[in-house]
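*Asks:* Fold the following and give me the result.
(chains A and B)
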Amino acid sequence: ILNVEQSPQSLHVQEGDSTNFTCSFPSSNFYALHWYRWETAKSPEALFVMTLNGDEKKKGRISATLNTKEGYSYLYIKGSQPEDSATYLCAFGSWGKLQFGAGTQVVVTP
Amino acid sequence: DVKVTQSSRYLVKRTGEKVFLECVQDMDHENMFWYRQDPGLGLRLIYFSYDVKMKEKGDIPEGYSVSREKKERFSLILESASTNQTSMYLCASSPTSGISYEQYFGPGTRLTVT
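*Replies:* You can find the predicted model right below:
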């Protein structure tokens, strides 16, 4: 089983501050990297799917970068809002399956 | 909007019972997946299916089986529930084969086995 690590495990952010966190994955046999947002009592929702080294994706105030050669992806939240509070999951795609990290729990306080 | 529904949000079963978890998607997706999520661990793949009557083992298939008789429905079966199968179970679907497509998740079933 491949090892996908997310750090930090949790973080608290003041409303209006920007933040970022990391997903580390094996640098071999890469096919895709997914980011999902999972809010309490809701279904996980896809944020980004990235497949090329150097990919950068953006959706509103959230963006992500991908480095497949060194095996990491960053997720950035600019100007955090309370509605950004969620667990953010990354998933490494290889050999036809996704391997998920344990997630980064983000709490944005007003 | 893609909708993935699961038969129950909460379920309590006794050790040794046979348990069925149902998942239905309404967007004609080919691929369907069953995951379980436990504290401190990522979502772990139990089984997946890329076509009707087709199934593939995921990373933790022991103690589970699946059924896919119709394209829109994917069932997870716990043949004889045990306490270590207490967990959150998530179903997902994606439009085609390959992992460069996002997966659409259901709301999850929190199963407690006593």
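*Asks:* all contacts plus neighbour counts: C-alpha atoms, from now on.
*Replies:* OK.
*Asks:* Strands of the chain, residue ranges please.
*Replies:* No chain in the question, so chain A it is. Using DSSP state E, the strands of chain A run over residues A:5-7, A:10-14, A:19-24, A:32-38, A:45-50, A:56-59, A:62-67, A:72-77, A:86-94, A:97-100, A:104-109.
*Asks:* look at chain B instead
*Replies:* Going by DSSP E, chain B shows strands at B:4-6, B:10-13, B:19-25, B:31-37, B:44-49, B:56-57, B:64-70, B:73-78, B:87-94, B:104-105, B:109-113.
*Asks:* residues contacting the closest residue to chain B within chain A?
*Replies:* Taking C-alpha to the nearest C-alpha, chain B has its nearest neighbour within chain A at A:Ala102, 3.8 Å off. A:Ala102 sits next to A:5-6, A:9, A:89, B:40-43 when contact means C-alpha atoms under 8 Å, 6 or more residues apart in numbering or on different chains.
*Asks:* In space, what's closest to residue 64 - neighbours in sequence excluded?
*Replies:* This is for chain A. A:Leu75 (4.4 Å; C-alpha to C-alpha, 6 or more residues apart in numbering or on different chains).
*Asks:* wrong one, I was asking about chain B
*Replies:* Nearest to B:Tyr64 is B:Leu78, by C-alpha to C-alpha, 6+ apart, at 4.9 Å.
*Asks:* quick revisit: from A:Thr104, how far off is the residue lying closest to the residue of chain A closest to chain B once chain neighbours are set aside?
*Replies:* Spatial nearest neighbour of A:Ala102, excluding adjacent residues (C-alpha to C-alpha, 6+ apart): B:Gly42 at 3.8 Å. Noted for B:Gly42: a distance of 10 Å to A:Thr104, by C-alpha to C-alpha, to the nearest Å.
*Asks:* swap in B:Lys71?
*Replies:* Where A:Thr104 is concerned, B:Lys71 sits at a distance of 34 Å (C-alpha to C-alpha).
*Asks:* Quick one: neighbours of the nearest residue to B:Trp34 once chain neighbours are set aside, just the number.
*Replies:* Excluding the flanking residues, the one nearest B:Trp34 by C-alpha to C-alpha, 6+ apart is B:Cys91, at 4.7 Å. Using other C-alpha atoms under 10 Å in any protein chain shown, B:Cys91 has 31 other residues around it.
*Asks:* Pull the contacting residues for B:Cys91.
*Replies:* B:4, B:6, B:23, B:32-35, B:105-106, B:108.
*Asks:* Read off the pLDDT value for it.
*Replies:* B:Cys91 is assigned 97 on the pLDDT scale.
*Asks:* Residues of chain A that sit close to chain B?
*Replies:* Residues of chain A lying close to chain B by C-alpha under 8 Å from any C-alpha of the partner chain are A:1, A:31-34, A:41-46, A:48-51, A:93-94, A:96-103.
*Asks:* go with 10 Å
*Replies:* A:1, A:4-6, A:9, A:31-36, A:41-51, A:89-103 (C-alpha under 10 Å from any C-alpha of the partner chain).
*Asks:* Just the buried ones among those residues, please.
*Replies:* For the residues of chain A next to chain B, a burial check counting by 16 or more other C-alpha atoms under 10 Å in any protein chain shown picks out A:4-6, A:9, A:31-36, A:43-51, A:89-94, A:97-103.
*Asks:* Surely B:Val12 touches B:Thr114?
*Replies:* Yes - if you go by C-alpha atoms under 10 Å, B:Val12 and B:Thr114 touch, sitting 7.4 Å apart.
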